[in-house]
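# A structural model of the following input is requested.
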Amino acid sequence: MQNLMLYCAGILGILISIVHGYLGEFKVVRAVEAPSGQVKRVLQAIMFLSAVYWFAASVLLLITPAFMPSAIRPFLAIGVAVIFLTGSLGNLWATRGSHFGWVLLAGIAGLAFAGA
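Numbers count the residues shown, from 1 in each chain. The predicted structure is shown next:
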């Protein structure tokens, strides 16, 4: 059951990271009328890097049951869960709960904690 939770968290994380990267670039970054190119590049980096980090963390969740020793699994799962939980809390704080992303990220964190 724990492995299934890690697999589900990993798949959801990969899907969310791809959607976040795509929509972040095409719906947010390109729509911003920034006073300078530097501001737009920073926003682009934030959108892109968060998607990359979530993708990498999600891949770790997917490979953990099959390739990681059982002694390391809980630590890895909890570490990845903390990454998603902090993303969720940051999203909740920044948008004051108006953006649904915090719920998705919290769900992935919960699955990863349960899989630990």
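# quick one, which residue of the protein lies the farthest from its center?
In terms of distance from the mean C-alpha position of the chain, Pro35 ranks first, at 29.1 Å (Cα atoms, centre = their mean).
# tell me the SS of that residue?
coil (DSSP: H, G, I helix; E, B strand; the rest coil).
# next one: Phe84
Applying three-state DSSP: Phe84 is helix.
# so the residue nearest the centre of the chain is in which element?
Closest residue to the average C-alpha location of the chain: Trp54 at 3.6 Å, with Cα atoms, centre = their mean. Assigned by DSSP states H and E, Trp54 falls within helix 37-67.
# Flag the shaky bits of the chain, pLDDT-wise.
34 (pLDDT under 70).
# Is Tyr53 in contact with Ile83, as I believe?
Yes - between Tyr53 and Ile83 there is a contact under Cβ atoms under 8 Å: 6.9 Å. Any C-beta I mention is one placed from the backbone N, CA and C, and that applies to glycine too.
# With neighbour numbers in mind, choose between these two.
Neighbours were counted for Tyr53 and for Ile83 using other Cβ atoms under 10 Å; Ile83 has more, 22 against 14.
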